[in-house]
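1. Sequence plus the predicted model coming up.
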Amino acid sequence: MAKQFTLGKKERLKSRKQIEQLFSEGKNFAVNPFKVYYLFAPLTTHLPSPPKAEKADKPFTIQFAVGVSAKNFRRAVDRNRIKRLIREAYRLQKNELQEKLKEKNLSMNLFFIFTGKELTEYKFVYGKVGVALQKLLKEIVQPAKK
């Protein structure tokens, strides 16, 4: 079966309650120009139940969101462009992370905040998102001890 490179509606983190929980209880790290927040949970804990029309056999292991500060980018056009670049870079690189989470029977909420002060090229964003996802892969394999 071919890998599916999509970022559907169910894969987006939109719940205010989950976002607040992510920022209060989750862990974070920085990969310049991003600050990445993440929170692991058992696969069945905080995933929404699928509607009747959808397949129940395909749970989403990662819910993902992006934020860009209006303080750094006054124009909405610029903020939207950065968010689009980040979502595209994530969409193309998320499969390895998803497979590892399924293997460990985990789900994850993930939030990328762009902290840079100027517009960047797609290649740069793609590389940095890849670095962040590799850090998350290492965290799944060997969780940091408290």
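-> Sure thing, it's come through.

2. for the nearest residue to Arg91 once chain neighbours are set aside, phi and psi?
-> Distance criterion CB to CB, 6 or more residues apart in numbering; nearest residue to Arg91, sequence neighbours excluded, is Leu7 at 4.3 Å. Where C-beta positions appear, they are placed from N, C-alpha and C, glycine not excepted. Main-chain dihedrals, Leu7, degrees, to the nearest 10: phi -140, psi 80.

3. OK, contacts around Leu7?
-> Phe64, Arg87, Tyr90, Arg91, Lys94 (CB atoms under 8 Å, 6 or more residues apart in numbering).

4. Point out where this structure drops to low pLDDT.
-> Along the chain, segments meeting pLDDT under 70 span 1-4, 44-60, 144-146.

5. quick one: the helices in it?
-> Using DSSP state H, the helices of the chain run over 16-25, 76-93, 95-104, 122-141.

6. And those helices: which comes nearest Pro42?
-> Of all the helices of the chain, it is helix 95-104 that lies closest to Pro42, at 9.8 Å by CB to CB.

7. who touches the closest one?
-> Outside helix 95-104, the residues within contact range by CB under 8 Å, 6+ apart are Lys3, Phe5, Leu43, Thr61, Ile62, Ser107, Met108, Leu133, Leu136, Leu137, Ile140, Val141.

8. again, only using 7 Å
-> The contact list for helix 95-104, computed with CB atoms under 7 Å, 6 or more residues apart in numbering, reads Lys3, Thr61, Ile62, Ser107, Met108, Leu133, Leu136, Leu137, Ile140.

9. Just flag the most distant two among the contacts of Leu7.
-> Maximum pairwise distance in these, criterion CB to CB, is 10.3 Å, between Arg87 and Lys94.

10. Looking at the two, which is more packed in?
-> More crowded of Arg87 and Lys94, by other CB atoms under 10 Å: Lys94, with 22 against 18.

11. ok, back up a step: need the helices of the chain in a markdown table (columns: distance to Phe114).
-> Below are the helices of the chain laid out as a markdown table (distance: least, CB to CB, whole Å):
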| stretch | distance to Phe114 |
| --- | --- |
| helix 16-25 | 16 |
| helix 76-93 | 5 |
| helix 95-104 | 19 |
| helix 122-141 | 9 |
